[in-house]
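**Q** I would like to see how this sequence folds:
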Amino acid sequence: MAILKIARMGNKLLLQKALPVDDPLGSEVRDLVYSMVETMGDAPGIGLAAPQVHVPLRIIVFYVPEDRSEGTGDVPLTVLINPSIEYLSTDMEDGVEGCLSVPGMQGIVPRYKHITYKGTQLDGSLVQREATGYHARVVQHEYDHLDGILYPMRIGDMSKFGFSEEFERNIEAAK
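**A** Presented below is the predicted three-dimensional model:
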């Protein structure tokens, strides 16, 4: 497949609501997903939404490595076409986020702690999972891209947003 160009903050496509995928089993969708996975690995990242590669469709790919899974085990590479999310609790927690479309920056973002999500996979099967912690954060972050939301838009206190190098130094100094 191909490494795709990643849209960066400021690109109008990232602020638009993505369109539903009419044919999740189509070869164009399969080719796009394979290229998204390759692009995500090359970046490197752990999640990518189709609007980030200049395609306004409701598709996300992600995985959660075991070292970030908070004891729940790794989440394998997951493809969600036309996904949906349900929040299972009103409890939220702050966490550090970055984004391939906002390179070199990080911020503290509030996210729901417990969600369920579902979507169609490339083979047409439905995946439905509950997620907590970092897993839930990753899904919500990627899902936001489908609705034209970038993580800095969710930061309530802009003193908690900055360049990654400076941000990480401040976190270490606070410890």
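**Q** Was I right to think D91 contacts I115?
**A** No - here D91 lies out of contact with I115, judged by C-beta atoms under 8 Å, at a distance of 10.9 Å. Placement of C-beta: from N, CA and C, glycine included.
**Q** then the longest helix along the chain to PDB, C-alphas only?
**A** With secondary structure taken from DSSP state H, the chain has its longest helix at helix 27-42. C-alpha atoms of helix 27-42 as PDB (Å, rounded to 0.1, in the frame of the first residue of the first chain):
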ATOM      1  CA  SER A  27     -11.900  -2.500  -2.300                       C
ATOM      2  CA  GLU A  28     -11.400   1.200  -2.000                       C
ATOM      3  CA  VAL A  29     -12.100   1.100   1.700                       C
ATOM      4  CA  ARG A  30      -9.800  -1.900   2.200                       C
ATOM      5  CA  ASP A  31      -7.000  -0.200   0.300                       C
ATOM      6  CA  LEU A  32      -7.500   3.000   2.300                       C
ATOM      7  CA  VAL A  33      -7.400   1.000   5.600                       C
ATOM      8  CA  TYR A  34      -4.200  -0.800   4.600                       C
ATOM      9  CA  SER A  35      -2.600   2.500   3.700                       C
ATOM     10  CA  MET A  36      -3.800   4.100   7.000                       C
ATOM     11  CA  VAL A  37      -2.200   1.200   9.000                       C
ATOM     12  CA  GLU A  38       1.000   1.600   7.100                       C
ATOM     13  CA  THR A  39       1.000   5.400   7.600                       C
ATOM     14  CA  MET A  40       0.200   5.000  11.300                       C
ATOM     15  CA  GLY A  41       3.200   2.700  11.700                       C
ATOM     16  CA  ASP A  42       5.500   4.900   9.800                       C
END
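**Q** What mean pLDDT does that helix get?
**A** The pLDDT scores in helix 27-42 average 98.
**Q** so which helix or strand takes in the residue minimising distance to the centre of the chain?
**A** Geometric centre of the chain, nearest residue: E142, 2.3 Å, by C-alpha atoms, centre = their mean. E142 is part of helix 133-146 when elements are defined by DSSP states H and E.
**Q** any weak-confidence spans in this structure?
**A** Applying pLDDT under 70 to the chain flags the ranges 68-73, 171-175.
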